[in-house]
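Enquirer: Everything below, folded, please.
(one chain, ligands or ions: 1)
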Amino acid sequence: MATSAADIIDSMSGSPLAEVLRELQRQQGFLGEEALELLARQRRASLTQVYAVAASFPGLVFDEKAERARPGLPEADEPDFFSRVVEPEAAAVLTRGPLAARFEDPPADLEAYRRSGGLEALARAREIKPEQVLSEVVLGKITRNTAGWQRAATALEPPVIVANACAGDPVAGQAQKLLAADAWAVLEGMFIASLALGAERGFVYVDPGSAERCRSLASVAKAMMEAWEPGFRVEVFCGPRSLVGSEESAVLAAIEGRRPLAGKASEEELSLWGGPVLVDGVEVFAAITAVLASGERVDTRLYQVSGAVVERPGIVEATPSVTVRELMETAGAEAGAEALLGGLSGVFLTEGELDQAVGELETADNPRWRTVHVLRDRRDIYPIAVQSAAYNAAGLCGYCVPCRIGSARMAEMLEHYPLDVQALEQVAALVVKTGICSAGRGAAGMVASALKHIV
Ligand code: SF4
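Expert: Predicted coordinates:
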């Protein structure tokens with residue numbers, strides 16, 4: 001007689017969760033909803049955490065009922081922290097520089113783009129040598145990913161260019177805003193990069209979002225290819241929803257048709273189908289266009305400010321010397337408010353810490369801290385940390401063991417108040433030290449940062 005799920009769970013009460021899940025799968029052929037609920041009760045874990053662990057292991061499958069009941073990532077319209085984040089397309093532009101120059105009046109088609117000065121940068125790039133585009137424009141006036149560009153430029157085969165617009169983080173929408181408002185400039189920057197690197201193929205990698213968004217982007221790409229016929233083909237790739245979507249290795253895995261895992265330790269190992277690749281943010285490609293069009297250096301970045309106590313949530317274009325307080329004030333944040341800088345893998349800042357420049361707060365682990373989510377006061381830190389940790393536990397890729405287990409464990413421990421602070425600090429420190437990618441380490445760093453303020 002077949003063993004029931006309850007018997008398997010009971011008989012393995014001392015075994016690691018992953019082993020029980022594998023045994024259930026082996027004996028039953030799938031993971032059922034009732035078994036997962038039973039397991040969650042026995043382990044005193046939330047159902048989200050059990051699903052998160054199960055989803056982390058390749059080969060484990062949910063039956064239809066369990067798949068339907070699977071807790072998803074919070075949707076934007078849920079009455080929680082994430083619902084206070086403004087949708088990228090609707091985000092107002094609060095201050096504008098070279099990157100957001102066309103945001104107010106996005107070109108409707110190629111002709112409108114030309115009338116607004118579009119394609120002049122590409123024409124200039126064709127007049128100068130590819131080495132000059134690389135050294136004077138890209139490396140001289142914009143990017144910090146210099147090693148990646150140099151590797152791509154010296155590769156033996158033409159590299160594939162990937163412009164990444166996937167933030168992975170529900171709080172960060174500026175890359176999507178840039179694509180929605182001025183995809184032309186991003187695409188023009190990719191064409192210029194193809195001249196500099198001798199590339200023949202490129203991808204714009206975007207969040208799943210709406211099919212409409214992908215279609216309109218694809219039509220921009222098509223119009224650019226028809227206009228210039230430079231032998232460079234661009235495809236729009238709608239990636240799966242993933243918290244590690246901003247990690248280059250996860251982006252490349254998804255394009256290759258694999259599950260997005262952020263597992264590569266070294267940038268030098270990055271490749272696409274075994275060949276050379278250059279991955280950079282869409283903002284960098286828009287900046288390439290702006291530099292060649294104006295001849296000026298582009299030092300600005302797009303920052304997003306959101307939160308319940310913000311009068312004008314939206315996008316601010318500023319240099320990294322801007323302080324967190326200045327960003328908050330531009331968006332009309334209430335006096336006395338505090339902030340989460342960097343979203344789900346960021347840090348909490350109290351009122352007294354807001355006068356620091358955003359650029360100085362960026363670390364090697366968090367080179368892209370471009371979001372400020374404004375809190376009412378210190379009381380918001382604990383609930384936001386709980387929600388963010390649960391979101392991270394369900395959404396991180398699960399490639400490495402400390403982060404896979406640690407993120408689920410931190411989410412579970414944060415739900416039990418009073419907190420076991422010492423144990424939480426230990427788990428967070430372990431993941432910060434051993435996690436392979438910045439998304440996992442940053443998620444643990446967010447928990448460590450919250451602990452400093454809530455205990
Ligand atoms: S640290 Fe976390 S998110 Fe990063 S590779 Fe490891 S499991 Fe994935």
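
Enquirer: from here on, contacts and neighbour counts on C-alpha atoms
Expert: Noted.

Enquirer: quick one: which helix or strand includes Ala40?
Expert: helix 33-43 (DSSP states H and E).

Enquirer: So which other helices or strands are in contact with that helix?
Expert: Where contact means 3 or more C-alpha pairs under 8 Å, 6 or more residues apart in numbering; DSSP states H and E, helix 33-43 is packed against helix 5-11, helix 47-56, helix 64-69.

Enquirer: most tightly surrounded among these?
Expert: helix 47-56 (a mean of 22; mean count of other C-alpha atoms under 10 Å).

Enquirer: Which residue ranges of this structure form strands?
Expert: 92-95, 160-164, 201-206, 233-238, 277-281, 301-306, 314-318, 338-341, 347-349, 371-375 (DSSP state E).

Enquirer: Could you export those strands as JSON lines, including distance to Ile384, mean neighbour count and mean pLDDT?
Expert: Converted to JSON lines, these look like this (distance: least, C-alpha to C-alpha, whole Å; neighbours: other C-alpha atoms under 10 Å; pLDDT from 0 to 100):
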{"stretch": "strand 92-95", "distance to Ile384": "24", "mean neighbour count": "18", "mean pLDDT": "86"}
{"stretch": "strand 160-164", "distance to Ile384": "27", "mean neighbour count": "26", "mean pLDDT": "95"}
{"stretch": "strand 201-206", "distance to Ile384": "26", "mean neighbour count": "24", "mean pLDDT": "93"}
{"stretch": "strand 233-238", "distance to Ile384": "29", "mean neighbour count": "19", "mean pLDDT": "89"}
{"stretch": "strand 277-281", "distance to Ile384": "27", "mean neighbour count": "24", "mean pLDDT": "93"}
{"stretch": "strand 301-306", "distance to Ile384": "14", "mean neighbour count": "28", "mean pLDDT": "91"}
{"stretch": "strand 314-318", "distance to Ile384": "20", "mean neighbour count": "25", "mean pLDDT": "93"}
{"stretch": "strand 338-341", "distance to Ile384": "9", "mean neighbour count": "27", "mean pLDDT": "90"}
{"stretch": "strand 347-349", "distance to Ile384": "10", "mean neighbour count": "24", "mean pLDDT": "92"}
{"stretch": "strand 371-375", "distance to Ile384": "9", "mean neighbour count": "27", "mean pLDDT": "90"}
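
Enquirer: hang on, the earlier thing: which one of the helices and strands packed on helix 33-43 lies nearest to Trp369?
Expert: Nearest of those to Trp369, taken as C-alpha to C-alpha: helix 47-56 at 25.7 Å.

Enquirer: who's in contact with Ala429?
Expert: Applying C-alpha atoms under 8 Å, 6 or more residues apart in numbering to Ala429 gives the contacts 444-445, 448.

Enquirer: Which of the residues you listed ranks first by neighbour count?
Expert: The member of the contacts of Ala429 surrounded by the most neighbours (other C-alpha atoms under 10 Å) is Ala444, with 31 neighbours in all.

Enquirer: quick one, what contacts it?
Expert: 345, 407, 428-429, 431-432.

Enquirer: In helices, which of the contacts of Ala429 appear?
Expert: Using DSSP state H, the members of these that fall in helices are 444-445, 448.

Enquirer: any idea which of the contacts of Ala444 is least confident?
Expert: Among these, Ser345 carries the weakest pLDDT, at 84.

Enquirer: neighbours around that residue, how many?
Expert: Neighbour count of Ser345, defined by other C-alpha under 10 Å: 25.

Enquirer: Quick check, it in contact with Ala448.
Expert: No. Between Ser345 and Ala448 there is no contact under C-alpha atoms under 8 Å: 10.5 Å.

Enquirer: number of nearby residues for the residue nearest to Ala175 when sequence neighbours are not counted?
Expert: Leaving aside its sequence neighbours, Ala175 sits nearest to Ala165 (C-alpha to C-alpha, 6 or more residues apart in numbering; 5.1 Å). When neighbours are counted by other C-alpha under 10 Å, Ala165 registers 25.

Enquirer: Val324 now?
Expert: By other C-alpha under 10 Å, 26 other residues sit near Val324.

Enquirer: low-scoring stretches of the stretch 201-350 of the chain, by residue?
Expert: 208-211, 229, 241-242, 264-267 (pLDDT under 70).

Enquirer: Near the ligand, which residues of it? Just list them.
Expert: Proximity of the stretch 201-350 of the chain to the ligand, by C-alpha under 6 Å from any ligand atom, involves residues 244, 262-263.

Enquirer: Output those residues as JSON lines; include the columns distance to Glu334.
Expert: Shown next, in JSON lines, are these (distance: C-alpha to C-alpha, whole Å):
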{"residue": "Val244", "distance to Glu334": "32"}
{"residue": "Ala262", "distance to Glu334": "38"}
{"residue": "Gly263", "distance to Glu334": "41"}
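
Enquirer: Okay, angle between the top helix by length along the chain and strand 233-238 too, please.
Expert: For the chain, the longest helix by residue count, based on DSSP H, is helix 174-197. Helix 174-197 and strand 233-238 meet at an angle of 160 degrees, taking axes from the mean of the first three to the mean of the last three C-alpha atoms, to 10 degrees as the criterion.

Enquirer: Helix 174-197 to strand 277-281, inter-axis angle?
Expert: Using the same axes, to 10 degrees: helix 174-197 against strand 277-281 is 140 degrees.

Enquirer: you'd agree Phe103 is up against Leu179?
Expert: No. Using C-alpha under 8 Å as the test, Phe103 is too far from Leu179 to be in contact (9.9 Å).

Enquirer: Between the two, which is the more surrounded one?
Expert: Between Phe103 and Leu179, counting by other C-alpha under 10 Å, Leu179 is the more crowded of the two (25 against 17).

Enquirer: can you pull the contacts of the more buried one?
Expert: Applying C-alpha under 8 Å, 6+ apart, the residues near Leu179 are 165, 186, 217, 282.

Enquirer: quick one: it from Glu37, how far?
Expert: The gap separating Leu179 from Glu37 is 41 Å, by C-alpha to C-alpha, to the nearest Å.

Enquirer: cool, and Pro260?
Expert: Where Glu37 is concerned, Pro260 sits at a distance of 27 Å (C-alpha to C-alpha).

Enquirer: Just send the residues of the stretch 201-350 of the chain next to the ligand back as TSV, with neighbour count and distance to Ala175 too.
Expert: As requested, these are exported to TSV (neighbours: other C-alpha atoms under 10 Å; distance: C-alpha to C-alpha, whole Å):
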residue	neighbour count	distance to Ala175
Val244	25	15
Ala262	27	20
Gly263	18	23
